[in-house]
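J.: okay, predicted coordinates and the sequence, questions at the end:
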Amino acid sequence: KLEYEFTTGENQYNTVVAFITESICDECYIDDVYVYAEGSDENLILNSGFELTQEDTGDMVIDYNGFMGDYVRRLEKAQKNNIKVGINLSPHYFPTYITTTYEGTSANTPGTIRFRVDHEKTREIVEKHIRAIFDTIEGIECIVDVCLSNEVCYSANSDDYNAPLWEAFLIETYNNDINALNEAYGTEYTSFSEVKMPSKKETTVLNYDYAKFNNTFLTEWHRWMTDIVHELRPDLPVHTKLMSDMQGNHDDHSRGFYNYGYSWEDHAQFFDVIGFDGGSAYKPGEFLVNQFIGSSPITQWFKIDFITSIKNVPWINSETHIDTDNNYDFNLDKADHVGRYMWQEGIHGVG
């Protein structure tokens, strides 16, 4: 039995305990580890007896004491202080050794998802992650919603292995009739294998077909993740953080977002609330929320009215850009901006 007493530093959440041997040690058994705060008999170690384990963890070891322990402590601190929390599963923090070790698992997409969302191996890892998170947060009551992913986008045309899927999609879309495709495209293809996924941001029938095809990847991936979360915690509403740059805007840059693989309509079929990422950042001396005509806020509320018309559920802004990032200059003008902005969100159905 080994005991040690120490005092933590300010805002310290982690410490390291090392067992050092000065000669060869064939076996070392450690069990029943306890950490008590002074005056408490609650064990702060989650898996103190090391019973939480799996017979075969495969490529991924779930550490219930390291990251998970810190995660739980923060949630418990929020609960203790009456703060509601929405958790983000953040699958973009994906182990890169999986995509470098297993052929065909990586994806050359423009966003943060650098792995194939439809691959059996990557789904195995993501599911382990989700189930480990929910094992850890069991009993924590301050959590109010689950965000599946952060600012996610996906471009199937970035990887050659999607070509057979694209060909199959076209064959199904045009009932295996290449003449029907040629009539729609104004082309003279002799087979569906000749039709390549577009790389330019153009408003053509080809690009429309590609957008529909590309949207299926994130839609089915998020639907699959939603089913897992609903199985584990049916009481928590699920959404994902879709960006405010919509498919089809007035300029070439924004028009390109229809290539980014997310469809608000398709996602609304299975989401409990509509997730959104956007806002109107404060600028000194300007009440941007009031400047509707010829300004970005009016286009934002158009988008909000659009997404709330798809399904009669509230929308949630899980990344409200109500001010510029990392800005700590608080003043009364900014307070007015925040108040007006929140009022407009309420008018437009935020929940």
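T.: Everything's here; your move. What you see is a predicted model, and the numbers here were worked out from it, not measured in a lab.
J.: contacts only, for residue 70.
T.: Residues near residue 70 by C-beta atoms under 8 Å, 6 or more residues apart in numbering: 13, 14. Backbone N, C-alpha and C define where each C-beta goes, glycine included.
J.: any low-confidence regions in the chain?
T.: Scanning the chain for pLDDT under 70 picks out 53-60, 63-66, 244-258, 283-299.
J.: ok, longest strand in it?
T.: Across the chain, the longest stretch assigned as strand under DSSP state E is strand 143-150.
J.: toward the C-terminus, what is the element adjacent to that one?
T.: helix 163-173 (DSSP states H and E).
J.: picking up where we left off before, buried by neighbour count: which residues of the longest strand of the chain qualify?
T.: Neighbour-count burial for strand 143-150 flags 143, 145, 146, 147, 148, 149, 150 (criterion: 16 or more other C-beta atoms under 10 Å).
J.: what of stretch 331-350?
T.: So for stretch 331-350, counting by 16+ other C-beta under 10 Å, buried means 334, 337, 338, 340, 341, 344, 345, 348, 349, 350.
J.: quick check: the farthest pair among these?
T.: Spanning the widest gap among those are 334 and 349, at 24.5 Å by C-beta to C-beta.
J.: list the neighbouring strands of the longest strand of the chain plus their orientation.
T.: Counting by DSSP bridges, the strands paired with strand 143-150 are strand 85-88 (parallel), strand 238-241 (parallel).
J.: ranking these by burial, who's on top?
T.: Of the strands paired with strand 143-150, the one with the most neighbours on average (mean count of other C-beta atoms under 10 Å) is strand 238-241, at a mean of 24.
J.: what sits up against that one?
T.: Under C-beta under 8 Å, 6+ apart, the answer for strand 238-241 is 88, 145-152, 222, 226, 229-230, 267, 271-277, 316, 318-319.
J.: export the longest strand of the chain to PDB, keeping only CA atoms.
T.: Extracted C-alpha coordinates of strand 143-150, given in PDB (Å, rounded to 0.1, in the frame of the first residue of the first chain):
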ATOM      1  CA  ILE A 143     -25.700  18.100 -21.100                       C
ATOM      2  CA  VAL A 144     -28.500  19.400 -23.300                       C
ATOM      3  CA  ASP A 145     -27.600  18.500 -26.900                       C
ATOM      4  CA  VAL A 146     -25.100  16.600 -29.000                       C
ATOM      5  CA  CYS A 147     -23.300  18.200 -32.000                       C
ATOM      6  CA  LEU A 148     -22.000  15.400 -34.300                       C
ATOM      7  CA  SER A 149     -19.300  17.300 -36.200                       C
ATOM      8  CA  ASN A 150     -17.800  20.800 -36.600                       C
END
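J.: which residues are contacting that strand?
T.: With C-beta under 8 Å, 6+ apart as the criterion, strand 143-150 contacts 75, 84-92, 112-113, 137, 222, 225-226, 229, 233, 236-241, 273, 275, 316, 318.
J.: quick revisit: export the buried residues of stretch 331-350 to TSV and tack on distance to residue 311 and secondary structure?
T.: As requested, the buried residues of stretch 331-350 are arranged in TSV below (distance: C-beta to C-beta, whole Å; DSSP: H, G, I helix; E, B strand; the rest coil):
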residue	distance to residue 311	secondary structure
334	33	helix
337	30	helix
338	28	helix
340	27	helix
341	24	helix
344	21	helix
345	18	helix
348	15	coil
349	11	coil
350	14	strand
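J.: so residue 30 makes contact with residue 17?
T.: No. Taking C-beta atoms under 8 Å as the definition, residue 30 is not a contact partner of residue 17, at 9.6 Å.
J.: quick check: phi and psi at residue 216.
T.: phi -70, psi -30 (degrees, to the nearest 10).
J.: look up how far residue 125 lies from it.
T.: 21 Å (C-beta to C-beta, to the nearest Å).
J.: between the two, tell me which one has more neighbours.
T.: Set side by side, residue 216 and residue 125 show more neighbours around residue 125, with 20 against 17, by other C-beta atoms under 10 Å.
J.: which other helices and strands contact the strand or helix carrying residue 267?
T.: Using DSSP H and E, residue 267 sits in helix 264-268. Helix 264-268 is packed against helix 205-232, helix 296-310, with contacts defined by 3 or more C-beta pairs under 8 Å, 6 or more residues apart in numbering; DSSP states H and E.
J.: just want the angle from the first one to helix 163-173.
T.: Our comparison of helix 205-232 with helix 163-173, counting by axes from the mean of the first three to the mean of the last three C-alpha atoms, to 10 degrees, yields an angle of 100 degrees.
J.: ok so, going back, dump the strands paired with strand 143-150 into TSV; add distance to residue 162 as well.
T.: Shown next, in TSV, are the strands paired with strand 143-150 (distance: least, C-beta to C-beta, whole Å):
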stretch	distance to residue 162
strand 85-88	27
strand 238-241	21
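J.: so which of the ones you listed is nearest residue 104?
T.: Of the strands paired with strand 143-150, nearest to residue 104 by C-beta to C-beta is strand 238-241, at 24.7 Å.
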